[in-house]
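Colleague: let me see the structure of the following:
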Amino acid sequence: MFDQFIGTKPVEERHRFDVDALQKYLKDRIDGLRGPLQVEQFKGGQSNPTYRIAGADGKEYVLRRKPPGKLLPSAHAVDREYRVIRALHATGFPVARPYLLCEDESIIGTAFYVMDCVEGRVLWDQSLPGMSRAQRAAIWDELNNVISKLHLVDYRAAGLEGFGKPGNYIERQVGRWTKQYLASETQTVEAMNNLIEWLPKNIPPETGTTVVHGDFRLDNAIFHPTEPKILAVLDWELSTLGDPLADFAYHCMSWHIPPGAFRGIAGLDFEALGIPDEKTYVQSYCRRTGRGAIDPSHWDFYIAYNLFRISAILQGILKRVVDGTAASAHARDAGMRAKPMAELGWQQVERILRRAA
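Modeller: Numbers count the residues shown, from 1 in each chain. The predicted structure is shown next:
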């Protein structure tokens, strides 16, 4: 699912594997695949090492695997990624075509799956420099359209009824990420401790159950080379069944994060850029999904919760840097953003508390 806009590099020493063993395993499982295989590693990705696999006929695939080494419980769930991609591909939702999942660690050392390599654009900067107002508006409208489509998928009909536990999604997520954070804690962060204390006691009523992506953002999508059309949504490691509004609010965190902090667009001149403001963007999502107006206090909670969640995720990346298992050279920079994200989250709670006072 990754392309030339992300770029590849020779496989890092710590992420090398037996290519001959892989070729032997795949040759009878993927029609038309012929060796010898050429393997390169994608430069991006903090979590699961990802590779471009090219066959002798020029056909290209993507292999995504668990990283080697000691891992946090339930992390790097490539098996879950494969399952949801396979189910969504059958519905016509934009994901790469999946080929197979291998959980036999004797093949390349860890579990992995293989899918099509989708060519297109990966757009990293959410302010979309170099584009016209109309082009930016079309890109953001497509993002809104695709996440709305995801939340309208009938998960039961798609065969994903057992993909998660309906109900109490945020309660379970707060518990999960609290445990993950504490397991990877490298320093005391007062704001994070405050969030861990406050969030479980102030969860709003759940808004439903759908497939949630868990990390839906601009740079987790492959866009058509020239059109504002998403060809494939990437990185389903955190997907499950859950509250769609919590998933959408994660996508909307950008409006609350300063530029340069962590994919933030807060404070930009949206009118001049052609990017919708948060209110307009939320209204478009509500219209597309048939949802009524969102209680402002509930929306504030969802943003605070997601800032807590991203802080826990980034802390996990930082811990992997310390342990030497991080999959990206940019991992340390990402991990160091854990504390600022927690502080933004607690600032959001303080606004909630001031409004209630």
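
Colleague: so how far is stretch 179-187 off the chain centroid?
Modeller: In this view, stretch 179-187 has its centroid 20 Å away from the chain centroid, taken as C-alpha atoms, centre = their mean, to the nearest Å.

Colleague: which parts of that stretch are buried?
Modeller: Within stretch 179-187, the residues scored as buried using 16 or more other C-beta atoms under 10 Å are 180, 181, 184, 185. C-betas here are computed from N, CA, C, even on glycine.

Colleague: can you check the pLDDT for residue 2?
Modeller: We have a pLDDT of 34 for residue 2.

Colleague: same question for residue 69.
Modeller: Confidence score, pLDDT, at residue 69: 63.

Colleague: residue 183 too?
Modeller: Looking at residue 183, its pLDDT stands at 92.

Colleague: quick one: the helices in the stretch 51-200 of the chain?
Modeller: Taking DSSP state H, counting those that start in this stretch as the criterion, the stretch 51-200 of the chain contains helices spanning 78-91, 133-152, 169-184, 190-198.

Colleague: cool, and the stretch 251-357 of the chain?
Modeller: Under DSSP H, counting those that start in this stretch, the stretch 251-357 of the chain gives helices at 270-273, 278-289, 296-323, 331-335, 338-356.

Colleague: mean pLDDT lowest where, among the ones you listed?
Modeller: Mean pLDDT is lowest for helix 331-335 among those, at a mean of 71.

Colleague: which of the residues in it are buried?
Modeller: Under the neighbour-count criterion of 16+ other C-beta under 10 Å, helix 331-335 has 331, 334, 335 buried.

Colleague: in JSON lines, list the helices of the stretch 51-200 of the chain along with distance to residue 321.
Modeller: Formatted as JSON lines, those follow (distance: least, C-beta to C-beta, whole Å):
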{"stretch": "helix 78-91", "distance to residue 321": "21"}
{"stretch": "helix 133-152", "distance to residue 321": "30"}
{"stretch": "helix 169-184", "distance to residue 321": "10"}
{"stretch": "helix 190-198", "distance to residue 321": "18"}
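
Colleague: tell me which of these sits most buried.
Modeller: Mean neighbours per residue, mean count of other C-beta atoms under 10 Å, is largest over the helices of the stretch 51-200 of the chain for helix 78-91, with a mean of 20.

Colleague: any idea how far that one is from the chain center?
Modeller: 14 Å.

Colleague: repeat that for stretch 237-254.
Modeller: 9 Å.

Colleague: kindly check the end-to-end length of it for me.
Modeller: 20 Å (C-alpha to C-alpha, to the nearest Å).

Colleague: what's the model's confidence in that stretch, averaged?
Modeller: 95.

Colleague: what sits against residue 88?
Modeller: Residue 88 sits next to 95, 150, 153, 158, 211 when contact means C-beta atoms under 8 Å, 6 or more residues apart in numbering.

Colleague: pLDDT value on the last one, please?
Modeller: At residue 211, the predicted lDDT confidence score is 98.

Colleague: so it belongs to a helix, correct?
Modeller: No - assigned with DSSP: H, G, I helix; E, B strand; the rest coil, residue 211 falls outside any helix and is strand.

Colleague: wait, it touches residue 239, no?
Modeller: Yes - if you go by C-beta atoms under 8 Å, residue 211 and residue 239 touch, sitting 6.6 Å apart.

Colleague: intersection of neighbour lists for those two?
Modeller: 84, 163.

Colleague: which one of the buried residues of stretch 179-187 is nearest to residue 38?
Modeller: residue 184 (35.2 Å; C-beta to C-beta).

Colleague: so what's that closest one closest to, chain neighbours aside?
Modeller: The shortest distance from residue 184 to any non-neighbouring residue, by C-beta to C-beta, 6 or more residues apart in numbering, is to residue 319 (3.4 Å).

Colleague: verify the contact between that neighbour and residue 182 for me.
Modeller: No - using C-beta under 8 Å, residue 319 makes no contact with residue 182, being 10.7 Å away.

Colleague: for the spatially most central residue of the chain, grab phi and psi.
Modeller: Using C-alpha atoms, centre = their mean, the residue of the chain that lies closest to the mean C-alpha position is residue 215, 2.7 Å off. As for residue 215, its main-chain torsions (degrees, to the nearest 10) stand at phi -150, psi 40.

Colleague: how close does it get to residue 238?
Modeller: 5 Å (C-beta to C-beta, to the nearest Å).

Colleague: please apply the same query to residue 125.
Modeller: Taking C-beta to C-beta, one finds residue 125 at 23 Å from residue 238.

Colleague: and those two? Which one has more around it.
Modeller: It is residue 238, of residue 125 and residue 238, that has more neighbours when counted by other C-beta atoms under 10 Å, with 21 against 13.

Colleague: tell me the contacts of the more buried one?
Modeller: 213, 214, 215.

Colleague: need those in a markdown table (columns: distance to residue 324).
Modeller: Shown next, in a markdown table, are these (distance: C-beta to C-beta, whole Å):
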| residue | distance to residue 324 |
| --- | --- |
| 213 | 29 |
| 214 | 26 |
| 215 | 24 |
